[in-house]
Structure formats: structure tokens, C-alpha cells
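**Q** Generate a structure from the sequence data that follows.
(one chain, ligands or ions: 1)
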Amino acid sequence: MPNISFPNNFIWGVAASAYQIEGAWNEDGKGVSIWDTFVHTPGKIVNGETGDVAIDHYHRYKEDIALMAELGLRHYRFSTAWTRLLPNGTGQVNPKGVAFYDRLIDTLLKHNIEPYLCLFHWDLPQTLQDQGGWPKRETAYAFADYARLVTKHFGDRLNVIFTHNEPWVAAFAGHFFGEHAPGQKDLGAALRAQHHILLSHGLAAEAIRAEAKHPIKIGITLNLTPVYPASDSKKDQEAAARVDAIMNRIVLDPLLKGTTPMLEFKVIKPFLGNLIQPGDLEKIRTLDILGVNYYSRAVIKHSSKIPIVNVEQVHPEGNEYSGMWEIFPEGLYALLTRIQNDYLAPREDAAPTLMVTENGVPVPDGLDFDGRVRDERRIRYLKNHLFQVHRAIQDGVPVKGYFHWSFMDNFEWALGYGQRFGLVYVDYKTQKRTVKDSGRWFARVMEENGLEV
Ligand code: IFM
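**A** Numbers count the residues shown, from 1 in each chain. Prediction:
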């Protein structure tokens, strides 16, 4: 029996993204994206793995959606591959790409699963990259046209469209750290990409609202990381504040306040030039659903390791770590309450709906002798994080939903297939799907709208 219950109508769901699951990278008229290019560049991905086939969702979507329905899922956040619909990013539409997402959405609806469509989960058309990519302002306008096209074709069956997934990662992992496509290492490019991605959110929101025949809610999902100073020293505290500005406020402030911390830092100003044009910040500040993707926290000290911002991440002892991060459930509570206190509660106009749109853990699951996946670590992770979501709700934070990342194991970007996040185990050789213990457990949580902790 659950001993914590979520509010009535709490939205439970799962999430995934096109490049990580679809495969069929060059089938049926799909164009090349920056991720197709990146994975085919030697040395970029662990073991040289690619999303060429991924988990073959392009061909197996019916079976996958049937499995979602079997587990009682009612909401699914997925992304469309821009290059399946517009192989060159603009211009010629690919009818087979439109037909695929028609089939996908119709199959979801047939199973009473509400599609939460996301327009961009990092797979920029290579043609647009060749013209300058996100660091160029024109890309934001191309994105708005793509948003209009998606609304025109699929909007009749959608109540929600997310513009971007984790714009900070697209901008910084792709243009400053160089670990993601397009693999640049240039702070100026990252800042320009960041601003143009957010601008494209505002332009797309306008395009969607103009094209839609009924009200469609506009969302965005942000990777947010509560930042803690490594010590009480003033230097570490200031370092933590800088990281908070450049990781969290850089996306939250424009979207929710119409301001940007980019203008606060003398060291950053020289990179900006005339990047932020009059009217941009007003355009960006439009949002119906704020999606929070939470995985871990950052503990930060002052250091010259990351130049310009002069910070370094430290990894404190004492907590459990997953394949990728420190496990820190309290951080989710801290993040949700901070968003409420700093951004939602002070607003005079209607605050966007708040949801957790990603949360999950990579653990090295495997099939046991009897074909079962006993992923107790994931269940423990989820219990602890859902407890913190519930705690935030009890304390007045209006969290309306929770989406697990991810439904099935999939391609984890630069880390290839080594990190498994799914509620469903995928045998990458045979593509056989097996529901993990966590999948059955999560199904019960959704059904009972609560859990035992
Ligand atoms: O797999 C990613 C996803 O694409 C975006 N959010 C974080 C996940 C885990 O790293």
C-alpha cells in the first residue's frame, strides 16, 4: 500500500528522443544530422558506437507502444527528428518522415497515450550546421519554420509541444566542451548558440500559436543542476554562484524573467558583441510548461581548471555514485523549491506549469539466469527521488508531473550503449525488449498514484 500519494491528475510518463532510439539514420529520405556526422567521426563516441540502428524504434514503434500501454503509461515525451521531416533543415518536406510521425502519434492515441512532442533533442540538420549552426541567428528562424510545419501536420492531435530539450547541453556540450555534436570548443560559439536556441524557442512559440487550430501548450525542458560550494570560503561561494549563473540562470532568467546573466560578467561581455538584439529577451519569455530534468548536483570550487569562469567540479565522498553522477535526491527538492521561490511565486502573470520531465539513473543492468532484470538500484533511486518530489509538493511547490528517463535502454550520446537508463532492458544484438523489475514497479506507482517509501 502506498504511504505517499500524489495529487489527483498527477501526470506520470516516460521520455525518449529520436536519435537515441529510432535508428534508420538514412532510410526513407531522412537527411543527415550533426549527430550522424559526429558519430561517424573516429574517436568521438565510446567504442565507436553509433545511433545508426539504435534500438530500431523506427521499425518497432508499434511493439514499443504496445509495451507502454501494457505498463499503463498515459504520457510519452518523444522528439521528432528534424531531418526526417525536412532533410535539409528547410525547404523540401519528406512525405515519408511525415507519414512516420503520423503513424507514431496515431498509434499512441489508439492506446490512450498522450503524445508530448519535443521539436529538438540535439539532432540539428547538417545542412544548417554547414551554414553556421546555432551560433548563427538564421538557424533560429529556420527552427520556427520547422515548428510551424510540425504544428501544421500533427497539431490537430497535440495538446503540448516542447520546443527544446536541454538547450544548455546543446549549446555547451556541443560548442564549449566539444563532447557532443558538433564538437566545437569555443566559448563564444557556445554563448551564441545558447542565445539563438532560446530565441528560437520564442520564435517557435509564436509560429505554433499562429498555426494551431486549438490551444497548444508550449513547453521547454531544462537540465538544471543545483550548485553547492565545496567549502564556506568566499572564493568557493563565488565560484558556485558563477556556475549557477552559467548553467542554470542562463536559461531560467531569459525564459522566466526576460533577463540574462550573460550581461553580468565582465569576462563574458567581450564574447557577446551585438548578440542580444532589442526585443529578443521579450520574445524568449513565453512559456506554458517548465520541464525540469534532474540527475545530480554540482559541487564547485574556485580553480583555474575551467578557464575564464575559473571553477572546478569536485566529487564529494560519502554518497552513492551511478555510472555517470553522484546520486543526490535532496538536490531535486532544493531545485524545485528554488524554482518556485525565485521564479514562479514572484510572478504577477500566470506562472508556467512545473513538471519533472526527466529523472533516472544509469546502472549496469543485465539479464539474470531466469531472464529477469533485478534492478533494485534503480528502484531505490526512484523511490528516493519521488520522495523528494512529494516533499516539495507538500511544501507548496506545484509540481504537476513526473517523466522517467527513459522508457527503454538506448544510445547515451558520447557514452554509446554502456549506460542503461531504461525501465525496459534492450538486448542490442537481438533488439529483444524485457521489462525490468523497475518497469513493473513504476507501473504500480502510476496505477496507485503513490508509493511506499
Ligand atoms: O540521455 C540523456 C538525454 O538525452 C537528455 N537528458 C539526460 C539523459 C541522460 O544523460
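**Q** which residue packs closest to the residue in the stretch 1-150 of the chain positioned nearest to the ligand, ignoring adjacent ones?
**A** Residue nearest to the ligand within the stretch 1-150 of the chain: residue 17 (5.2 Å; CB to the nearest ligand atom). To be clear about C-beta, it is placed using only N, CA and C from the backbone, and glycine gets the same treatment. Leaving aside its chain neighbours, residue 17 sits nearest to residue 121 (3.6 Å; criterion: CB to CB, 6 or more residues apart in numbering).
**Q** Assess the claim that that neighbour and residue 19 are in contact.
**A** Yes - counting by CB atoms under 8 Å, residue 121 does reach residue 19; the two are 6.8 Å apart.
**Q** okay, and the common contacts of the two?
**A** Common neighbours of residue 121 and residue 19, using CB atoms under 8 Å, 6 or more residues apart in numbering, are residue 79.
**Q** So which residues on the protein come close to the ligand?
**A** 17, 20, 166, 293, 358, 405, 412, 421 (CB under 6 Å from any ligand atom).
**Q** Tell me, how many residues neighbour the last one?
**A** Yep, that's residue 421 we're talking about. Neighbourhood size, residue 421 [other CB atoms under 10 Å]: 26.
**Q** Check which helix or strand residue 189 maps to.
**A** helix 187-211 (DSSP states H and E).
**Q** relative to helix 187-211, how tilted is the next helix-or-strand element following that helix?
**A** On the C-terminal side of helix 187-211, the closest following helix or strand by DSSP H and E is strand 217-223. Angle, strand 217-223 to helix 187-211, by axes from the mean of the first three to the mean of the last three CA atoms, to 10 degrees: 160 degrees.
**Q** hmm, who's touching strand 217-223?
**A** 77, 116, 118, 159-169, 201, 204-205, 208-209, 251-252, 255, 286-293, 295, 352-353, 357-358.
**Q** What is the three-state secondary structure of residue 301?
**A** strand (DSSP: H, G, I helix; E, B strand; the rest coil).
**Q** mind listing what the nearest residue to it once chain neighbours are set aside touches?
**A** Spatial nearest neighbour of residue 301, chain neighbours left out: residue 230 (3.8 Å); criterion: CB to CB, 6+ apart. For residue 230, the contact set (CB under 8 Å, 6+ apart) comprises 236, 240, 299-301, 314, 316.
**Q** mind redoing it with 10 Å?
**A** 236-237, 239-240, 298-303, 311-314, 316 (CB atoms under 10 Å, 6 or more residues apart in numbering).
**Q** In ChimeraX, how would I pick out whichever of the residues you listed are buried, leaving the exposed ones unselected?
**A** To isolate the buried members of the contacts of residue 230 in ChimeraX, using 16 or more other CB atoms under 10 Å:
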select :236,237,239,240,298,299,300,301,302,303,311,312,313
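**Q** returning to what we had before: do you know how far the residue nearest to residue 301 is from the ligand?
**A** 24 Å (CB to the nearest ligand atom, to the nearest Å).
**Q** and if you look at residue 347?
**A** 27 Å.
**Q** That residue is in what secondary structure piece?
**A** Counting by DSSP H and E, no helix or strand carries residue 347.
**Q** residues near it, how many?
**A** 11.
**Q** could we number from 43 for the rest of this?
**A** Sounds good: first residue 43 from here, last item residue 389.
**Q** Check residue 96 and give its pLDDT.
**A** Residue 96 carries a pLDDT value of 98.
**Q** Helix, strand, or coil at the spatially closest residue to it that is not a sequence neighbour?
**A** Nearest residue to residue 96, sequence neighbours excluded (CB to CB, 6+ apart): residue 65, at 4.1 Å. Assigned with three-state DSSP, residue 65 falls in the coil class.
**Q** If I follow the layout properly, residue 65 ends up in contact with residue 126?
**A** No - contact criterion CB atoms under 10 Å: residue 65 and residue 126 do not qualify, at 11.7 Å.
**Q** So between these two, which is more surrounded?
**A** residue 126 (26 against 21).
**Q** so who does that one touch?
**A** Going by CB under 10 Å, 6+ apart, residue 126 touches 60, 64, 66-67, 69-73, 75, 100, 136, 138-143, 165.
**Q** residue contacts, the residue nearest to the spatial centre of the chain?
**A** With distances taken as CA atoms, centre = their mean, the residue of the chain nearest its centroid is residue 207 (3.7 Å). For residue 207, the contact set (CB under 10 Å, 6+ apart) comprises 57, 59, 119, 121, 160-164, 261-265, 333, 335, 399-400.
**Q** now with 7 Å?
**A** Counting by CB atoms under 7 Å, 6 or more residues apart in numbering, residue 207 touches 59, 121, 160, 162-163, 263.
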